[in-house]
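Colleague: Okay, structure incoming, though there's no sequence with it:
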């Protein structure tokens, strides 16, 4: 499987697994599929939404970590100075928390329906949480 379908509310995206950049993160997350949660707007990271995961342990090490993902470059942060989370950038993003800069594993990239990212991010900002499903 080289792609994953991500549905947020009623909007669907196709994303590419970044196997060469984060092979262990991709393998571990793939084992969770299908995976459903709720997505909210990020508090500290700019134009991004996130899926808070508390103390969840994916079991993957730091791989290709970044704090400046481009729109559609999805990160998995395995915790440490902040809680575990998935970051879904839709615009200018610098991944951070109240404790400072964070770096997450870039493990998925949206490759289809990218033009809907900005509107979806704004909807979550203005209207609140939306369901998200990875399959």
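Modeller: All right, it came through fine. Quick caveat: nothing in here was measured; it's all calculated off a predicted structure.

Colleague: which other residues reach the strand or helix carrying residue 75?
Modeller: Element membership for residue 75, per DSSP states H and E: strand 73-77. For strand 73-77, contacts defined as CB atoms under 8 Å, 6 or more residues apart in numbering pick out 15, 22, 25, 29, 58, 60, 66, 69, 84-89, 95, 102-110. In short, each C-beta sits where N, CA and C put it, glycine included.

Colleague: How about stretch 32-48?
Modeller: 4, 8, 29, 49-53, 69, 71, 86-98, 118, 121, 124-125, 128-135.

Colleague: just the strands in this protein please.
Modeller: 3-8, 11-17, 35-41, 46-52, 65-66, 73-77, 85-93, 96-97, 100-101, 104-112, 130-134 (DSSP state E).

Colleague: out of the ones you listed, deepest packed?
Modeller: Among the strands of the chain, the stretch with the highest mean neighbour count (mean count of other CB atoms under 10 Å) is strand 73-77, at a mean of 24.

Colleague: Taking strand 11-17 as reference, get the angle to that one.
Modeller: 70 degrees (axes from the mean of the first three to the mean of the last three CA atoms, to 10 degrees).
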